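Participant: Output the structure for:
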Amino acid sequence: MGIADAFLDLVSSGTTLRENNLKEIEGRTVLESQAVLVASRKLMIQRTGVLEMTHEILERLEAHLRAIGQFSVTANMKGSSAEEVAKKVLSQPSLYGFQGRTISLVFWKRDRKVKADYYAIVISVPKKALYKSIQQLRAIGGSGVLISPLTYIFYEEMPRWCQLPSELGL
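Facilitator: Numbering: from 1, shown residues only. Okay, here's the model as predicted:
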């Protein structure tokens, strides 16, 4: 229409862009913002359930923010013991987890006999190290690699929550 130099659209489906013959420009910061949780100290203490709800909101937000850009990687690896597989996995520097690597026995059935000579390795990997981790898993015998984006990462009780009761005088 010739009346605007720029157009801002939060793209989800791309319909607006297509209908107006526009192109998406990536990598530009339009607005930086910050979320702040505001609550009444009095209501948090007096009203039943408000403190618990606040806890859940804070924990879910923090766990979600912690998970952004993180992926869970699961791969199968043949081995005679969990220790043998662990040595292979630990020899690769980018194959790590939040508190270590998870190695579990995989049971499968062949000719009516239960077999257990495969192990599942579960690690967490940031997006930038994803492909390198897959290559390292393959190099040590990993196969059947599954990748899932992480939505939440919960640790022990979060520090912000631990401080709140004392700040409320509880």
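
Participant: And the longest helix anywhere in the chain, what does it pack against?
Facilitator: Ranked by number of residues, the top helix in the chain under DSSP state H is helix 50-67. Counting contacts by 3 or more CB pairs under 8 Å, 6 or more residues apart in numbering; DSSP states H and E, helix 50-67 packs against helix 41-46, helix 159-167. The C-beta positions use only the backbone N, C-alpha and C, and glycine is treated the same way.

Participant: Give the buried residues for the longest one.
Facilitator: Okay, so that is helix 159-167. Leu164 (16 or more other CB atoms under 10 Å).

Participant: what residues go with each domain of this structure?
Facilitator: As recorded under automatic domain parsing, the domains making up the chain are 41-67+154-167, 70-149.

Participant: among the ones you listed, which is the most enclosed?
Facilitator: Ranked by mean neighbour count, those are led by domain 70-149 with a mean of 15 (mean count of other CB atoms under 10 Å).

Participant: hmm, back to that, so which of the helices and strands packed on helix 50-67 gets nearest Leu150?
Facilitator: Leu150 sits nearest to helix 159-167 of all these, at 20.2 Å, using CB to CB.
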